[in-house]
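>>> Following is a predicted model, sequence given first.
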Amino acid sequence: VFPPSPACVLRVITRINHTGRHEVEDVLLREEAYDLICDGKTVARMHCMPTDLEELAVGRLFTLGLLRDARQIASLTIRHPAEQNADHAPPPNPRLAAESAHGPDSLACASAVSTSLAAPVASTALAAPTASVASTESMASAAPVAEPPFTPEGQRATPLPSLKLRAAGSILVSLAPPPAPETEAKQADLRLDAAQVHSLQAAFEERCALFRQTGAAHSCALATPEGILLFYEDIARHNALDKLIGAMQLQGVSPQGKLMIFSGRLAVDML
């Protein structure tokens, strides 16, 4: 039995089937946007579940090639969307508004609840803290809002109704220079027999409670032939992989002698 995830939200929906229309309670996954800001530069916008954000940020920096070792992290601060200062929010970008309304960040795949998380700002110092952390205010940049079109008579046309964008959170990371590279261990072959494959698959599927609740989560696990070591979930399979990689970095877990288990297809960019 797994406890409910803070990324879950209950909603009453109308379900239509051969017996008619029914008002039922359904479990949705909460999806939020976070800007990943490394040394004052926005390097990615991540649409993700609001859980395991530290692992996600570290894993994304690693896969972007900006981080080689978790010991480089001087400071890491997470600001949830509800905590961002609305007075300094940039004007909405019409293109982003359309993507937010109709794209992967739409209500079809997650809740748009504005009450978000009530947790305070989480600050994690993993090494010597720096004197200051860049703010999102200095980094905020957006295309100006397009003017309403003009009619042939020169009269201003009625503007389209504005689409309300949800505020994005931010994850601010300061990095120190990388340490001296260590000698990489030679990769050893890893072989499993059929019984081990089936055992690991059964253990993996048992942990996928979020998918069973919502049908909308991907899972990624790190394992040895004997069992699962780390397990992470997200709406996007790339995020689940980045969370796993970030956890390996933060916990100092070597990939030697390990294997990964995925719930979805293994895309070439994930390889």
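Structure received.

>>> What are the boundaries of the helices in the stretch 101-250 of the chain?
136-139, 194-207, 209-214, 237-251 (DSSP state H, counting those that start in this stretch).

>>> which regions of the stretch 101-250 of the chain sit below the pLDDT cut-off?
101-165 (pLDDT under 70).

>>> could you redo the last one with a cut-off of 80?
101-166, 181-188 (pLDDT under 80).

>>> which stretches of it form strands?
122-124, 169-175, 218-224, 227-234 (DSSP state E, counting those that start in this stretch).

>>> ok, back up a step: for the helices of the stretch 101-250 of the chain, give me CSV that also has distance to L64 and mean neighbour count.
All C-beta spots, glycine's among them, are computed from the backbone N, C-alpha and C. Listed next are these as CSV, based on distance: least, C-beta to C-beta, whole Å; neighbours: other C-beta atoms under 10 Å:
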stretch, distance to L64, mean neighbour count
helix 136-139, 17, 14
helix 194-207, 27, 13
helix 209-214, 26, 18
helix 237-251, 9, 23
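
>>> Mind checking the ones you listed for the one nearest to E32?
Checking the helices of the stretch 101-250 of the chain against E32 by C-beta to C-beta gives helix 237-251 as the closest, at 11.6 Å.

>>> Extract the C-alpha trace of the closest one and format it as CSV.
Taking C-alpha atoms only, helix 237-251 is exported to CSV below (Å, rounded to 0.1, in the frame of the first residue of the first chain):
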residue,chain,number,x,y,z
ARG,A,237,9.3,9.6,-19.1
HIS,A,238,12.3,11.9,-19.7
ASN,A,239,11.6,13.6,-16.3
ALA,A,240,11.4,10.2,-14.6
LEU,A,241,14.8,9.3,-16.1
ASP,A,242,16.3,12.6,-15.1
LYS,A,243,15.0,12.2,-11.5
LEU,A,244,16.7,8.8,-11.3
ILE,A,245,20.0,10.2,-12.7
GLY,A,246,19.8,13.1,-10.2
ALA,A,247,19.2,10.7,-7.3
MET,A,248,22.2,8.7,-8.4
GLN,A,249,24.3,11.9,-8.4
LEU,A,250,23.1,13.1,-5.1
GLN,A,251,23.5,9.8,-3.4
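
>>> Partner strands of the helix or strand that it is followed by and their direction?
Downstream of helix 237-251, the next assigned helix or strand under DSSP states H and E is strand 259-262. Sheet pairing here is set by DSSP bridges, and for strand 259-262 it gives strand 218-224 (antiparallel).

>>> how about the strand it pairs with: buried residues?
Residues of strand 218-224 classed as buried: H218, S219, C220, A221, L222, A223 (neighbour count, 16 or more other C-beta atoms under 10 Å).

>>> would you turn the helices of the stretch 101-250 of the chain into JSON lines with distance to A70?
Listed next are the helices of the stretch 101-250 of the chain as JSON lines, based on distance: least, C-beta to C-beta, whole Å:
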{"stretch": "helix 136-139", "distance to A70": "23"}
{"stretch": "helix 194-207", "distance to A70": "24"}
{"stretch": "helix 209-214", "distance to A70": "26"}
{"stretch": "helix 237-251", "distance to A70": "4"}
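
>>> Point out the one among these that comes closest to T63.
With C-beta to C-beta as the yardstick, what comes closest out of these is helix 237-251 (6.0 Å).

>>> I'd like to know which elements that closest one is packed against.
helix 53-63, strand 218-224, strand 227-234, strand 259-262 (3 or more C-beta pairs under 8 Å, 6 or more residues apart in numbering; DSSP states H and E).

>>> which of the buried residues of strand 218-224 lies closest to A70?
Once C-beta to C-beta is applied, the member of the buried residues of strand 218-224 that ends up nearest A70 is L222, at 15.6 Å.
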